[in-house]
Each structure stands twice: as structure tokens, then as C-alpha cells.
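J.: curious how this folds, go ahead:
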Amino acid sequence: MAYKKRGFPHGVVSTKPAIRVKPGVKMAMNRHVLRSLGNPRYIQFWWSPSENTLLIGSSPEKERSSFEVSDYSYRTKGNMNIRSTMFVKAIMNVAQWDDHVVYSILGEYIPKLGMVAFRTNSAVETEVTEYA
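T.: Numbering: from 1, shown residues only. As a prediction, this is how the structure comes out:
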């Protein structure tokens, strides 16, 4: 199945939090990730090896391990892209993903943790193309 730009599985049209990881390029988060976290200014990532789960939570202030959410992410579409090669490689390594596949995952907000959880074993795989 071919996907148009921004038409990736679980993309901006999804009603649930979703991320997409394109190897060596970026991680994209849809607006529902940020909304689930209460529209934070900074976010952080955690990895649960026992659950094979990437967790995203808000950070009260700028820290070395946090990412700032730009004002642009709250305008127009409410999406966020992280274009850190080192960060994307780290995600690919811990999830044990292939470097030639784009991964899309639906997440679930966990109120008890105040985080959005993405189980990496439920990722939808898409061939790397110009648009994927």
C-alpha cells in the first residue's frame, strides 16, 4: 500500500498519540502525543527494556536529556519532529529495528505515569521511500 506524504500509518489523522521513526532522519510525533501530555514546553524519553516500550513524558524545565517543544508544534498542525541523528540511532538500537524500514506506532496515554507509551513490537513497518 502506498502512502502519500504525511499519510503514513497512524499519522496526523489518527485520533490517538502516534510516532513515526525514519532511520537516520527523524522522529515525528502527531499532535495527540503533546496534547496527552498537557501541551508541555519540554519533553523527555525513557526506555523500558522489559516491556520493549518507548515512553514520552513532559519535563518541568530544560534539562540535558529533554527536548524543547517549539511554538510551531502548537500552531497549525500541532506536530513535532526531532531531527537528531544520534537520538534516532539510539531509538533504532534499543528497539532493535532495521535501518531500512520506517516504523509507525500508536501510543497510549498512561495516566498513572503521566506518560505516553509506545510498544515497539506493535510498530507498523513501511518501506523507506521519499515520502515515508
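J.: who is the residue nearest the centre of the chain paired with across the strands?
T.: What sits nearest the mean C-alpha location of the chain, by Cα atoms, centre = their mean, is residue 19, with 3.3 Å. Here residue 19 shows beta-bridge partners residue 29, residue 105, assigned using DSSP bridges.
J.: and it, how far from residue 28?
T.: Separation of residue 19 from residue 28 (Cβ to Cβ, to the nearest Å): 7 Å. Yep, even glycine has a C-beta here, placed from its N, CA and C like the rest.
J.: for residue 57, which non-adjacent residue is closest in space?
T.: Nearest residue to residue 57 in three dimensions, chain neighbours excluded: residue 115, at 4.0 Å (Cβ to Cβ, 6 or more residues apart in numbering).
J.: which stretches in the chain count as strands?
T.: Per DSSP state E, the chain has strands spanning 18-22, 26-29, 42-48, 53-59, 66-68, 80-82, 101-106, 108-110, 115-119, 124-127. These are given in chain order.
J.: for residue 93, find the nearest of these.
T.: When those are compared by Cβ to Cβ, strand 42-48 sits nearest residue 93, at 10.0 Å.
J.: residue 29 contacts residue 35, correct?
T.: No. Between residue 29 and residue 35 no contact is recorded; they are 10.5 Å apart, counting by Cβ atoms under 8 Å.
J.: between these two, who's got more neighbours?
T.: When residue 29 and residue 35 are compared on other Cβ atoms under 10 Å, the one with more neighbours turns out to be residue 29, at 23 against 14.
J.: distance of that one relative to residue 43?
T.: If you go by Cβ to Cβ, the gap between residue 29 and residue 43 works out to 9 Å.
J.: quick one: common contacting residues for the two?
T.: Between them, residue 29 and residue 43 share these contacting residues under Cβ atoms under 8 Å, 6 or more residues apart in numbering: residue 56.
J.: in the protein, which ranges drop under the pLDDT threshold?
T.: Segments of the chain classed as low confidence (criterion: pLDDT under 70) are 1-14, 76-78, 128-132.
J.: cheers, nothing more for now.
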